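1. model this:
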Amino acid sequence: TLGDLPDEFLSDIGPAIKKVALATGVKEYNIIQNNGKLAFQVGAGVQRVMAQTYLLTTSQHIPHVHFHVVPKPNEKEGLVLNVAQNWPMKKAENEALAATCEKMKARI
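-> Just a heads-up that it's a prediction; the model follows:
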């Protein structure tokens, strides 16, 4: 997973991702990096779109960190996500948010 990589590897990966993304020639794109099997459980619509861009990997035989650069040349091509389905808004109480914030700060 991304969390398993040493920081010095990450400093090398960032510029490489940028170069690949810019080499696509489009101004807009998505960069995707999944961590763990649950991170790639997506609906059929997203799988269909990703398969059309030749980026669908349903599972890894040897777990490794990799990135997908998905060009977004227009509204119908590239990665298409429905925000309401993929990131449903959840109401959180201020106290719960504050507690989560404190836990995250302690881990940083």
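2. got the confidence number for the residue of the chain most remote from its centre?
-> Each residue of the chain has a distance to the centre, and by CA atoms, centre = their mean the biggest one is for E95: 28.5 Å. pLDDT, E95: 95.
3. spell out which helix or strand contains it, please.
-> Using DSSP states H and E, E95 sits in helix 94-107.
4. that helix: how far from the chain's middle?
-> Offset of helix 94-107 from its chain centre (CA atoms, centre = their mean, to the nearest Å): 23 Å.
5. what packs against it?
-> Applying 3 or more CB pairs under 8 Å, 6 or more residues apart in numbering; DSSP states H and E, we find helix 94-107 packed against no helix or strand. Any C-beta I mention is one placed from the backbone N, CA and C, and that applies to glycine too.
6. output it as PDB - backbone C-alpha positions only.
-> Provided in PDB are the C-alpha atoms of helix 94-107 (Å, rounded to 0.1, in the frame of the first residue of the first chain):
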ATOM      1  CA  ASN A  94     -19.000  18.400  15.500                       C
ATOM      2  CA  GLU A  95     -17.800  16.400  18.500                       C
ATOM      3  CA  ALA A  96     -17.100  13.300  16.400                       C
ATOM      4  CA  LEU A  97     -15.300  15.400  13.800                       C
ATOM      5  CA  ALA A  98     -13.200  17.000  16.500                       C
ATOM      6  CA  ALA A  99     -12.300  13.600  17.900                       C
ATOM      7  CA  THR A 100     -11.300  12.300  14.500                       C
ATOM      8  CA  CYS A 101      -9.200  15.400  13.900                       C
ATOM      9  CA  GLU A 102      -7.400  14.900  17.200                       C
ATOM     10  CA  LYS A 103      -6.700  11.200  16.400                       C
ATOM     11  CA  MET A 104      -5.300  12.100  13.000                       C
ATOM     12  CA  LYS A 105      -3.100  14.900  14.400                       C
ATOM     13  CA  ALA A 106      -1.700  12.400  17.000                       C
ATOM     14  CA  ARG A 107      -0.800  10.000  14.200                       C
END
